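Asks: the amino acid sequence is not available; the structure is as follows:
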């Protein structure tokens, strides 16, 4: 940014800007785009650049197109369908494998602890070994989970959803899309789910699906040069990633339509019907595969319809009837969830800032962070399991956990909190929704609510594959049940007329939206996970309330993560008042233009520049095209110097092979440095060019809707006078977040 | 089109082109874009122009933006939510009113005929009056339905979905969006549904919702100048129309999520998450209102959850279990539906061509056409009712139609076809799905299948508000039941092990997709109308098969209608090989440029031109902006001549008031004709300008993704040398349809 070249009449100080952003009524600050650009600068990491989803139509691209006949064109369409089906099958298989592993390992681990616990009668002599086993197992599991993502593959850390969203939006974050991420993420995710810490598998499964999608054509390419050439474009890979997201959700939630719609909701800037069909295929294929594999340990092996992965349990239509008198209650549930959601987001913001300050990138400290989680979770869960002496009779089928302890209880009774502490998150969720209100005391639910929320706040930022879908569903179910329990205690007559299941189910759904602000994908997922649609209207109104109130209180969790991670993210809508600002006042005036032919020496120098591409100008300085830096690199690497004729077939092969190869240093002999390279063969002859007086609002639309990386700003004689990049636009969004004092890592 | 200016090496003759398009492997023909443009010309009606979804950011627009503060900006957002909720409420109320009217009138009419029928014992003396009543009632109903849309409001004809899709795509078809269409469409739709002819209410309800959306801000504007100024842009109206589509589906199908997704599937080129939220609100509001109103005649008045508008009836999860052995059956069902769907589309194409030839726009002939439908439907239904003497015992709750005749049958038995002929389409559908296979004979179903398909083929093109969703569902249910019946007759042992409901339900769903090719909205709608999601995987695979096989056999029904209607429609993807053609070879070279200030005389002349807008150039001929013809008209109408200062507030009011006013003739005194008008105040200073060597594929993307109407083509000195319009691009698509010899009306 050449800041000095910009003159603005009033330039507020940084602190003025910040207070202005916090008080969003300060119009003049909002309108000062230059100030916002400067402030936003702090939040966009220089590590990430943008992807170009607009294919560069250079002569090599055209050569390939001309070679294509209609048969090949149709074959490519079929091949794409096939690719998406395979993508779904791989993701579904991984998901089913992970689900089964979690199921069996958690069952064995909790069963072992429950057996020890039931044999022990609260005497110190046997409590100590139980405690040691308890903590030891937890420690080993969390250690593996944290170690994997911290020391081996940092790309696998966290839920991963925000990175995927940024990638779909057009930010290039290569590390998180590396193929090995799949393996380590699966390991870490299994550890999260079996350990009993507050985390789920849904976020990681979305990330895993996305990585599978990103590598579907990249891995075979390493085996053979001729494979998948048609897919070697950023936008093709992006489409596959969108398909992978849907496949991941389909596998994790048993919700194929929910997967499709989550993918739509997260990646809507570039959707077309044909892409949606492909995403649909991926989600369907993933669901079929996952269900088939998981059916192998069900009552009817090989019957995909027999799998009970619907993790809310079946709620019958009769239990879900409602009247319009309940609309205020639905809105109230949404509003409560919005407050919990905003608290979640704001505490996470605080926690991330603190973690970055005190832990940073230090790996050992991250491991230590995991130890803290082990101690907090292990000790508190152990204490509740052993010393919480309330016995209840579980009524619902979902309460028949064999792991629940019963010592000191009458025949048929069990200690009520042990079902929670000795089970996976999904099982606890089913139990919370379906159990009769009398089976759990208000105090117990209250304690669980406070404990779970506190643990979740600390655990979520851990360097481990941790999803926040299930924790949010559980949080919603907990406060839902807490309120229901209170009603039962204080107004038993009234409470008995109400069906509690419905409200707890709604509270869980609302909380998912209250924190993540996904709207209709939440509705579809929640419809799919209980197997019926009778609640669609109450769900819609509850979730809409959660979204609207939530948006007033805090940004969505993923958006916060995007900003905290410094990803250059373009929001769906241009910032307010951006139609008043012109492109010239924010564009980058430091443009390096190149002539159509340059010497190897000059070309080699361009590789060390930070620009992603260069406008090509003729002798009069008029814009005639645009070349990408990575294409110059390929020209140089293969020593393709100026010639009368180029072997276009050979060039096509080379450029396809070198797609996505990172730029490295090249060395040339002195004689070679004197030669020329011809940029015209790699030049896009019609880059998007705009005039400096175009409004920022329309430039935004152009970038978002076409997935662009740069737009060249030209004067009235078509001479380049500036470049506007995706990153420049992303800065406004970040400046608006109100986050201060956060060092970018 | 200045055809003479284009030189192409080989120009095939028209017949060569046509045979080339039919044989799609003829690459050279496909690649000859000029030929396709010329051929496509025939299919695009000159009556329709395009909408501009890219707001013209002229000085008046900027003035409005500058006056806005953050509070007003936020208030506008809230007001939009509110508008969509009201839109949903209005549409839902209309839908509920229509549903109730149809329910009661059809009940009374059929009850009356059944009573007459039961009193009569197949003797001529009473059969004649029955026949006369039968035909007379049908005649009156169809007459009202046809008369309304033929003589009073032609915009209300047909299903209306294709017009709405074209509007959302960017084609300006003003007649079909007029406010009175709502009233006449409702009347005609009620007639369709109560008459018993083969037509449904879903398409008309979508159209009605869209019209309500289009007039939400236009009708109040007539009452007060100050209302809804913020919505006076083409793109705001378009958003409302998309919301209206969702609201219409929500009201007609009792499927709010299906409405949202149908709107997404049909209008995906301009979606953003914020728009989807608004559409979601409209669909939700429509469903709540419709359910509440319809609940007034249910068991529990005022209880929106009690309404049984789920018109497939409840299918229990147990009836829907499946195994993976059935995958080939699902695919087979999809394939069969694709063949029926393709037959539907191709016969409709033939019928439309013939209707246009023999009926054209002659209103009396249209009325006569209705008479033919009355005779065909009335006589065949009467004959089946009276003379088809097979008695069955109806087993399912949905077969307990009190209207079914029983004369000549044993106690408890009824004549099986009378349930079909004396009932609405939705009731027949429930009966076909739920009735035990023994209750209807194979022959009876076979006769119904042939009869229904033949009647549907004739009736669909009638000049009346006729939807094709229910006819397709019924068609699917009929052939599904026919196959099931055959199995029962020939392999009773095998057939008894199979649950027929599931397959008939799938066949109905598949047929909807086989004809209309809506994919995931069909899945969501079919999930919502039976109330559970256990069939989501079989539905997905069946519908995907229907879509893929169908696309090989014929275009989708709506696309055919779009082309037959001559609407300038831009498909989601650019045509094959369009990256090889450049903008210069298809652009319109006949550009009228204007200087920034012109005399009233010249300005007045521009109003009679066909161009929608004019590039503004400076003295050197360089492009400096773009003005719309309709804005010049407003300048002239209000005699806003060149001045030193303009009252921007006044201008803003005027332009807001004149939004969408059609251009008419103006008269000026000689003195006024000498004065100048200043185009700079209405000029968009940064129109999209591209170079002549941009590929057609990228131009396509630009138009589709940004909703543009024109792009100016400039030379290297920024001088306009051509204009590319939406219509130019739409022609390729039409040329590809293989339709020949069709006069555009």
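Replies: Done, it's in. Model, not experiment: these values are computed from the prediction.
Asks: going by C-alpha atoms from here, please, whenever you check contacts or count neighbours.
Replies: Will do.
Asks: need the strands for the stretch 251-400 of chain A, in chain order.
Replies: For the stretch 251-400 of chain A, the strands defined by DSSP state E, counting those that start in this stretch occupy A:391-392.
Asks: quick check: which ranges of chain A have low pLDDT?
Replies: Within chain A, the segments meeting pLDDT under 70 span A:1-48, A:220-230, A:268-269, A:300-314, A:317-318, A:394-403, A:734-745.
Asks: spatially central residue in it, please.
Replies: By Cα atoms, centre = their mean, chain A has its centre lying nearest to residue A:161, at 1.1 Å.
Asks: that one contacts residue A:204, correct?
Replies: Yes: using Cα atoms under 8 Å, residue A:161 makes contact with residue A:204 at a distance of 7.4 Å.
Asks: from the contact counts, what lies against the host helix or strand of residue A:453?
Replies: Using DSSP states H and E, residue A:453 sits within helix A:442-459. Contact here means 3 or more Cα pairs under 8 Å, 6 or more residues apart in numbering or on different chains; DSSP states H and E; on that basis helix A:442-459 packs against helix A:327-358, helix A:363-387, helix A:469-490.
Asks: and the shortest one, how far from the chain's centre?
Replies: Read that as helix A:469-490. Relative to its chain's centre, helix A:469-490 lies at 27 Å (Cα atoms, centre = their mean, to the nearest Å).
Asks: which other residues reach that helix?
Replies: Contact with helix A:469-490 is made by A:198-203, A:337, A:425-426, A:428-429, A:432-433, A:437-438, A:441-442, A:445-446, A:448-449, A:452-453, A:456, A:494-496, A:500, A:503-505, A:507-512, A:515, as judged by Cα atoms under 8 Å, 6 or more residues apart in numbering or on different chains.
Asks: for ChimeraX, write the selection for the buried entries among these.
Replies: Selection of the buried residues among the contacts of helix A:469-490 in ChimeraX, burial being defined by 16 or more other Cα atoms under 10 Å in any protein chain shown:
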select /A:198,199,200,201,202,203,337,425,426,428,429,432,433,437,441,442,445,446,448,449,452,453,456,495,500,503,504,505,507,508,509,510,511,512,515
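Asks: report how many residues lie close to residue A:289.
Replies: Per other Cα atoms under 10 Å in any protein chain shown, the neighbour tally for residue A:289 reads 22.
Asks: please report how far the residue of chain A at minimum distance from chain B lies from residue A:524.
Replies: Closest residue of chain A to chain B, Cα to the nearest Cα: residue A:532 (3.9 Å). Per Cα to Cα, to the nearest Å, residue A:532 is found 10 Å from residue A:524.
Asks: equivalent analysis for residue A:345, please.
Replies: The gap separating residue A:345 from residue A:524 is 23 Å, by Cα to Cα.
Asks: same question for residue A:463.
Replies: Plainly put, residue A:463 is 31 Å away from residue A:524 if you go by Cα to Cα.
Asks: and if you look at residue A:133?
Replies: Distance, residue A:133 to residue A:524, using Cα to Cα: 41 Å.
Asks: and the two? Which one has more around it.
Replies: Counted by other Cα under 10 Å, residue A:133 and residue A:524 do not tie: residue A:524 has more neighbours, with 24 against 15.
Asks: ok so residue A:598 is a strand residue?
Replies: Yes: the assignment for residue A:598 by DSSP: H, G, I helix; E, B strand; the rest coil puts it in a strand.
Asks: list the beta-bridge partners for it.
Replies: residue A:677 (DSSP bridges).
Asks: number of nearby residues for it?
Replies: 18.
Asks: ok, and does the helix ranked longest in chain A reach over to chain B?
Replies: As assigned by DSSP state H, the longest helix anywhere in chain A is helix A:70-119. Yes: Helix A:70-119 comes into contact with chain B (Cα under 8 Å from any Cα of the partner chain), by way of A:70-71, A:73.
Asks: and that helix, what other elements does it pack with?
Replies: Packing partners of helix A:70-119 (3+ Cα pairs under 8 Å, 6+ apart): helix A:124-147, helix A:181-195, helix A:202-215, helix A:234-253, helix A:273-294.
Asks: ok, the residue nearest to the centre of chain A - contacts?
Replies: Counted by Cα under 8 Å, 6+ apart, residue A:161 has contacts A:203-204, A:206-207, A:558.
Asks: what about the nearest residue to residue A:320 once chain neighbours are set aside, helix or strand, and which?
Replies: Once flanking residues are discounted, residue A:320 sits nearest to residue A:502: 5.7 Å by Cα to Cα, 6 or more residues apart in numbering or on different chains. Assigned by DSSP H and E, residue A:502 falls within helix A:500-516.
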